[in-house]
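Undergrad: Following is a predicted model, sequence given first.
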Amino acid sequence: MLSPLNGPLETAVRVLTLLAEAYPDSLDLNQLVLLDHGLLHSEDLGGPPSLHPPVPIRSSELGVKRQQLTHGLEVLTRVDLVEMGAVAGGIHFIAAEGAHPFLSLLETSYARALAERARWVVGRFRGLSDEEIRSAIREVSGRWAEEFENFAGEEQHI
């Protein structure tokens, strides 16, 4: 059995939450990758407590996130919750008419926490260039490397 964590459905809900919060702005895949990372690890960027635990290797998530988000976007476009369009800078995605009503049906504490982090991360990074967002994440990933070195150097007690 495949893990439901970071699967197409969970990723789709996260992407839809980000796009709904960014509406009426559209976002490209690079922006979504960076915003999704900030959504999950918001505390690292000075925001509310992170949704995912602060594991020392979390910086490696960026390497696989693009494919995960692509699968999530495929799910969302198939069910008409996200629209895809070409703009001068490339392909962009925007929340469709049914996005907000669909998200309002999600009543779990995780869905509420997701919406809260999406508000924060979109508000924090809206209007910044990809390079400015990457710079903020690079600054944090330098601290992650130090955490990993400390973690790896600790004695393992059984």
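TA: Perfect, I can see it now. What you see is a predicted model; the values in this text were computed from it and never measured. Residues are numbered from 1 along each chain as shown.

Undergrad: Need the per-residue pLDDT for residue 157.
TA: Note on residue 157: pLDDT of 40.

Undergrad: ok, now residue 142?
TA: 61.

Undergrad: Then residue 92?
TA: According to the prediction, residue 92 has pLDDT 95.

Undergrad: And it, how close does it get to residue 6?
TA: Counting by C-beta to C-beta, to the nearest Å, the separation of residue 92 from residue 6 is 23 Å. All C-beta spots, glycine's among them, are computed from the backbone N, C-alpha and C.

Undergrad: pLDDT weak spots in the protein?
TA: Across the chain, the ranges flagged by pLDDT under 70 are 1-5, 54-64, 140-158.

Undergrad: mind listing what the residue nearest in space to the middle of it touches?
TA: Most central in the chain under C-alpha atoms, centre = their mean is residue 36, positioned 0.9 Å from the mean C-alpha point. Contacts for residue 36 (C-beta atoms under 8 Å, 6 or more residues apart in numbering) come out as 11, 14-15, 18, 65, 69.

Undergrad: That one: which element?
TA: helix 29-40 (DSSP states H and E).

Undergrad: can you pull the contacts of residue 28?
TA: 89-93.

Undergrad: For it, list each beta-bridge partner.
TA: residue 92 (DSSP bridges).

Undergrad: so which of the contacts of residue 36 comes closest to residue 108?
TA: residue 14 (13.4 Å; C-beta to C-beta).

Undergrad: you'd agree that closest one is in a helix?
TA: Yes. Secondary structure assignment places residue 14 in a helix (DSSP: H, G, I helix; E, B strand; the rest coil).
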